[in-house]
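Colleague: here is my input; please provide its structure:
(one chain, ligands or ions: 1)
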Amino acid sequence: MRFVERYGPWAVVCGASEGLGAEYARQLAAKGLKLVLVARRENVLSELAKSLNVETRLIALDLAADDAGTRIAEQTRELDVGLFLYNAAFSPIGPLLEQSLEDNLKAVAVNVRTPTTLVHHFVPRLVKRTHGALVLLSSLTAFQGSPYVSTYGATKSFNLSLAEGLWAELRGTGVDVLCVCPGATATPNLLKASTKAPPGMQQPADVVRETLDNLDSGPMLIPGAFNKFASLLMRRLLPRRATIAIMASETRKLQLPP
Ligand SMILES: NC(=O)c1ccc[n+]([C@@H]2O[C@H](COP(=O)([O-])OP(=O)(O)OC[C@H]3O[C@@H](n4cnc5c(N)ncnc54)[C@H](OP(=O)(O)O)[C@@H]3O)[C@@H](O)[C@H]2O)c1
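Modeller: Have a look, this model is predicted:
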């Protein structure tokens, strides 16, 4: 089956206005999929939509809102969605003692609650149509505690665990499940937060290309040779305390944009 027949005609991309999400939209459109683009900034979504050569539908909302998942479900109900991709995330940065509870709960809302609601909505529909894909964005922070982004890292472990469990549950249904765990990627948000170029930083286009080439190679993808090697070393060879210390030395360089 061609890509568009297997994963189209519609894809929903949550967090589509910039960075990896916008690049997922561009590459999916280039493959001929129609797109539902979700993010807060409608004007940015609208500019992106104009640059794509496919039919689009824009949903401008805050994915931290209690009703975000149900609103997306309602506004896409009549579309034949073959690919659901949850890319948006919120990451409070800094020592937990300096972070607000409000920001931590917002990270749980954007990174855990809303994708869980949408997984419950889209997965039964994907299974019923016997083909399609679910893609959740996680991170290398998912594999161990990640100081200075501790809550974000914990939400990314949730995404990984959810996707891996569903990957096994959905075997034989025709629905692919892939959890993407990028390392540092040159998106506007990462560049704004970085005080120094992180090691092995990838371009969004490369992460997205590797994702779309591997939708049926789940449950988990670590994009890029450097990240694959570093992660293997950290997960399999180094003591856990050492991997947490390595994460700390990288995440300490992150700062909240002014
Ligand atoms: N960049 C990296 O180095 C890196 C590394 C590992 C993993 N990741 C993962 O890759 C994914 C994408 O990362 P990214 O760096 O491209 O950007 P990001 O900052 O995680 O997400 C940016 C996109 O999400 C949307 N978004 C964020 N919060 C939202 C909210 N409350 N409601 C609606 N939309 C929201 C933004 O649009 P609006 O501002 O218009 O709402 C934008 O389109 C994330 O899941 C992240 O955890 C990234």
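
Colleague: which residue, other than its chain neighbours, is closest to residue 137?
Modeller: For residue 137, ignoring the flanking residues on the chain, the nearest one in space by CB to CB, 6 or more residues apart in numbering is residue 87 at 4.7 Å. Quick note: C-beta positions are derived from backbone N, CA and C, even for glycine.

Colleague: count the residues that sit near that neighbour.
Modeller: Neighbour count for residue 87, taken as other CB atoms under 10 Å: 24.

Colleague: isn't it right up against residue 15?
Modeller: Yes. At 4.0 Å, residue 87 counts as touching residue 15 under the criterion of CB atoms under 8 Å.

Colleague: next up, the contacts around the residue of the chain found nearest the ligand.
Modeller: Proximity of the chain to the ligand (CB to the nearest ligand atom) peaks at residue 19, 2.4 Å away. Contacts for residue 19 (CB atoms under 8 Å, 6 or more residues apart in numbering) come out as 185, 187, 188, 189, 190, 204.

Colleague: so among those, which ones count as buried?
Modeller: Among the contacts of residue 19, the ones that count as buried by 16 or more other CB atoms under 10 Å are 185, 187, 190, 204.

Colleague: who's in contact with the helix or strand of the chain with the lowest mean pLDDT?
Modeller: Lowest by mean pLDDT, DSSP states H and E among the helices and strands of the chain is helix 188-193, with a mean of 90. For helix 188-193, contacts defined as CB under 8 Å, 6+ apart pick out 18, 19, 93, 184, 198, 201, 254, 255, 256, 257.

Colleague: hang on, the earlier thing: any chance of CSV for the contacts of residue 19, columns distance to residue 224?
Modeller: Below are the contacts of residue 19 laid out as CSV (distance: CB to CB, whole Å):
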residue, distance to residue 224
185, 9
187, 14
188, 19
189, 18
190, 14
204, 12
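
Colleague: which parts of the chain are strands?
Modeller: Per DSSP state E, the chain carries strands over the ranges 10-14, 34-39, 56-60, 81-86, 132-137, 175-180, 220-221.

Colleague: give the buried residues for the longest helix anywhere in the chain.
Modeller: Across the chain, the longest stretch assigned as helix under DSSP state H is helix 150-169. Buried residues in helix 150-169, defined by neighbour count with 16+ other CB under 10 Å: 150-160, 162-164, 166-167.

Colleague: please consider this matter closed, and thank you.
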